[in-house]
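1. Structure here, sequence nowhere to be found:
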């Protein structure tokens, strides 16, 4: 179903911009809130939680970041090689004490879609093919 002219699947850069903006608001409680305030006082709902969201980015299996193992969630500071992808939070947020998200690469071959928001505001699951359907993955449109 079309929302109208100018709407699109949220982009990876748009997602990262929103995530960074949310982290700039000290009153946001990422552990318990589903409504998060932006620096302009607007509210965005359900950006993180049990349901992940597709962004518009894909990566071939050969371009996946290198983690200590393929099938497991890892902190961003454990990534051995990002392979040129600009996917991580700023350096000051990448240790385990911040608990703002981890990365999961997966071991299946083929093209992988970016699924954001599960397990933290910077959570990134790269184990799904872009054509995959799942009750645990939704999407967000932007304009």
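-> Perfect, I can see it now. Bear in mind the structure is a predicted one, so any value in this text is a computation, not a measurement. Residues are numbered from 1 along each chain as shown.
2. looking at the protein, which helix or strand does the model trust least?
-> strand 73-74 (a mean of 88; mean pLDDT, DSSP states H and E).
3. which helices and strands does that one pack with?
-> In terms of contacts (3 or more CB pairs under 8 Å, 6 or more residues apart in numbering; DSSP states H and E), strand 73-74 is packed against strand 103-104. Where C-beta positions appear, they are placed from N, C-alpha and C, glycine not excepted.
4. just so I have it, where are all the strands in the protein?
-> Along the chain, counting by DSSP state E, strands occupy 8-9, 35-37, 43-45, 52-59, 73-74, 103-104, 112-116, 124-128, 137-139, 141-142.
5. Quickly note the distance from residue 19 to residue 28.
-> As judged by CB to CB, to the nearest Å, residue 19 and residue 28 stand 11 Å apart.
6. typed the wrong thing, it's residue 20
-> Residue 20 is 12 Å from residue 28, by CB to CB.
7. can you pull up the bridge partners for the one residue sitting closest to the centre of the chain?
-> The residue lying closest to the centre of the chain (CA atoms, centre = their mean) is residue 116, at 2.5 Å. Going by DSSP bridges, residue 116 is paired in beta bridges with residue 53, residue 124.
8. how close does it get to residue 138?
-> From residue 116 to residue 138 the distance is 11 Å (CB to CB).
9. Give me the common contacts of these two.
-> 52-53 (CB atoms under 8 Å, 6 or more residues apart in numbering).
10. So which residues make contact with the least confident helix or strand of the chain?
-> Contacts for strand 73-74 (CB under 8 Å, 6+ apart): 67-68, 102-104, 119.
11. Sheet-wise, list the partners of that strand with their directions.
-> strand 103-104 (antiparallel).
12. Could you give the separation of the strand it pairs with from the chain centroid?
-> 9 Å (CA atoms, centre = their mean, to the nearest Å).
13. now that strand: mean pLDDT?
-> Mean pLDDT, computed over strand 103-104, is 91.
14. what's the answer for stretch 110-121, then?
-> pLDDT averaged over stretch 110-121 gives 90.
15. Now do the buried residues in it.
-> 112-121 (16 or more other CB atoms under 10 Å).
16. Start and end of that stretch, how far apart?
-> Across its full length, stretch 110-121 reaches 26 Å end to end, with CA to CA, to the nearest Å as the criterion.
17. Please consider this matter closed, and thank you.
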